[in-house]
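> how would this look folded up:
(chains A and B)
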Protein chains: 2
Amino acid sequence: TLAIMYSITGEKPTQLEGPTIAEKDALLKRENGVTTSSPMRLRMEAFIKSQQKEIVAALEEVDGSKFTIDSWDRPEGGGGITCVLQDGNVFEKAGVNTSVVYGRLPRAAIAKMRVNHKALDPSVESIEFFAAGLSLVLHPKNPMAPTVHLNYRYFETADEFGNSSAWWYGGGCDLTPCYLFDEDAIHFHNSIKNACDKHDKAYYPRFKKWCDEYFSNKHRGESRGIGGIFFDDLDETEKDQEQLFSFVQDCLGAFLPSYLPIINRRKDMLFTEEQKQWQQLRRGRYVEFNLVHDRGTSFGLNTPGARVESILMSLPLTARWQYMHTPEVGSREERLLEVLKKPREWV
Amino acid sequence: TLAIMYSITGEKPTQLEGPTIAEKDALLKRENGVTTSSPMRLRMEAFIKSQQKEIVAALEEVDGSKFTIDSWDRPEGGGGITCVLQDGNVFEKAGVNTSVVYGRLPRAAIAKMRVNHKALDPSVESIEFFAAGLSLVLHPKNPMAPTVHLNYRYFETADEFGNSSAWWYGGGCDLTPCYLFDEDAIHFHNSIKNACDKHDKAYYPRFKKWCDEYFSNKHRGESRGIGGIFFDDLDETEKDQEQLFSFVQDCLGAFLPSYLPIINRRKDMLFTEEQKQWQQLRRGRYVEFNLVHDRGTSFGLNTPGARVESILMSLPLTARWQYMHTPEVGSREERLLEVLKKPREWV
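Modelled structure (predicted):
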């Protein structure tokens, strides 16, 4: 998730050799706007902001109510747009956030974000750093409609002269139903697979597996949901920057077509009080994953000065914990648990 | 909390020089029962089990409904009794657990439990280990009635010959109201202070401070509740074993008189829908502390084979997260937050 980015506090940059990338980018934007020859930082920022608008508009149409929009600036450069729809007609809680961060981080903190951090100079104390990402979580009211999570992000570090050094992409998208509809799972995975296949036939199987492994409530031996894709640290050792940007663009572009048919099919289905309660229990599992296992969330919450409300926007409006709840043998609830205990191939 | 104890998995003891403490204790119990000359392990076990019965009986009287009782055995020795009352008349969720564990743990794991671990032999790989404790969390339905948490525990390690080496006590008790009634806070702290003062006038101020520091949602700059006491690693450098046992007995004995008058005063108060929602938000904070900060819980959940349902019994039945919720200026909700941001002296 992007939680890590909300936690970068406003530590004042120490005196540098040259202009910071924040200063460079501000000048570039003023003079030239953003074009395909702009630095990737500005292109990624422009891309996620246009996607955010498109997604928010589409979800407002589905829900029939409006998002609240909070913009916040960071004094050191960058800022964020947090769009939240709470207690809507279709969504119990929906958050669509973009975040752009210019700052400095201790090397150890960056190494933590980047599993594969061989490009990070081990001799420097702190590193100038850029991050931009879009992150969304939608929790529908109807227990037949699945929760969905998406996050795509671009990171870059700069050397002491403000020149770009390391860069990488990360992200993914995954679905968390309370009731399993095979056609939904197949459609969701197919949409993502098609976006991946355009770039590399190995991507979908590789990133689908990564997703199953990452979004796992290990303490319960259960996946959080029925997966999707997840990847991190994709850099020049994978493909060139242009190709990876195009890949991330296609993944993000695949989101609305992957989710809208599902939410439209499920949002008005009839459900019982028991089914609503089962949803609440599954929401509890969602909270467990995000608070116990998600690296970004725990890193973020343990960093002084983090924007806690943006980090925890991923939590559902309501959740439930019941001691020793066990679904009935042969029930739909039991079938979901079986799939969560042993992730399936959907396409 | 005791979560740490539920997570000790059934790793088979390696061949030892002499009988294990589990074997010794089983024999002692069979031959002599438990008397004041029994090892502290057996006395603590007998004490917490009798307290559990007394507390469960008193709470059943308050609630008007019965606890469900789960007993579980550990093949290596020991076991637990989990008493749960869910969706009762007064309590949304109430858990009163005892747990007795005989096992072996890697030295590093024991060092983690014991901040002050100078007595642990650094040359051995794993250590035979005993733990007994009582742990309870009560979440009332009425938002005017506070949640309460208590945990008292005794740990002991043995050398390779099955002789007791290090031992220590830990525990505490703390109150988490959604609406602050000064008279409740004063009564609760007074009851605990009286139990402490009988043993050492320095205990209450010292352990009250420790409680405020430990039960803190650092990421929000808020205490979980209005405190109580918390201590850990109390061993022979503090006082002798007999004196500390007597201290822990008095603390546990003070629980019912500290809480019953409060729950009886609050359980039938009128409340509004908005007040119920505020309670749900505060429940969310409780979940945040337990899943993000509580050492025992995270240690437990990250240990393969842990009894997850016993660890997570401390979570409320229901909880809520609302983006950017801010209480009205001058409201009772705001006053609570002020006290949580700056812990007060109540007695």
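> Run a quick neighbour tally on the residue nearest to residue A:137 when sequence neighbours are not counted.
If you skip the residues right next to it in sequence, residue A:137 has residue A:314 as its closest partner in space, 4.4 Å away by Cβ to Cβ, 6 or more residues apart in numbering or on different chains. C-beta coordinates here come from the backbone N, C-alpha and C atoms, glycine included. The criterion is other Cβ atoms under 10 Å in any protein chain shown. On that basis, residue A:314 has 28 neighbouring residues.
> Pretty sure residue A:314 sits against residue A:290.
Yes - here residue A:314 reaches residue A:290: they are 5.6 Å apart, a contact under Cβ atoms under 8 Å.
> and the helix ranked longest in chain A, is it in reach of chain B?
Counting by DSSP state H, the longest helix found in chain A is helix A:40-63. No - Helix A:40-63 stays clear of chain B (Cβ under 8 Å from any Cβ of the partner chain), getting no nearer than 14.8 Å.
> Direction included, what does the next helix or strand after that helix pair against?
Beyond helix A:40-63 in the direction of the C-terminus, DSSP states H and E gives the next helix or strand as strand A:68-73. Next to strand A:68-73 in the sheet, as set by DSSP bridges, lie strand A:78-86 (antiparallel).
> and the strand it pairs with, average pLDDT?
Confidence for strand A:78-86, expressed as mean pLDDT, is 92.
> quick one: it to helix A:40-63, angle?
An angle of 10 degrees separates the directions of strand A:78-86 and helix A:40-63 when computed by axes from the mean of the first three to the mean of the last three Cα atoms, to 10 degrees.
> Now do the same contact list for the residue of the stretch 101-250 of chain A found nearest chain B.
Of all residues in the stretch 101-250 of chain A, residue A:219 sits closest to chain B, at 4.0 Å by Cβ to the nearest Cβ. Shown in contact with residue A:219 (Cβ atoms under 8 Å, 6 or more residues apart in numbering or on different chains): A:288, A:292, B:300, B:301, B:302, B:306, B:308.
> Just name the closest of the residues you listed to residue B:27, please.
Using Cβ to Cβ, residue B:306 comes nearest to residue B:27 of the contacts of residue A:219, at 29.1 Å.
> correct me, but that closest one touches residue B:296?
No - using Cβ under 8 Å, residue B:306 makes no contact with residue B:296, being 10.7 Å away.
> Number of residues surrounding residue A:68?
Residues near residue A:68, counting by other Cβ under 10 Å, number 11.
> all helices for the stretch 1-150 of chain A, in order.
Listed from the start of the chain, the stretch 1-150 of chain A has helices (DSSP state H, counting those that start in this stretch) covering A:3-6, A:21-32, A:40-63, A:107-113.
> Please identify the most buried of these.
When you average the neighbours per residue for each of the helices of the stretch 1-150 of chain A (mean count of other Cβ atoms under 10 Å in any protein chain shown), helix A:3-6 leads with a mean of 28.
> and the gap between residue A:344 and chain B?
Going from residue A:344 to chain B by Cβ to the nearest Cβ, to the nearest Å gives 23 Å.
> Can you verify my assumption that that residue contacts residue A:212?
No - with the criterion set as Cβ under 8 Å, residue A:344 and residue A:212 do not qualify as a contacting pair; they are 9.4 Å apart.
> Compare the two (neighbour count), which wins?
The residue with the greater number of neighbours, taking residue A:344 and residue A:212 and applying other Cβ under 10 Å, is residue A:212; the counts read 21 against 15.
> Now do the strands in chain A.
With DSSP state E as the definition, chain A shows strands at residue ranges A:68-73, A:78-86, A:91-106, A:126-140, A:147-158, A:164-176, A:216-217, A:222-223, A:227-234, A:318-320.
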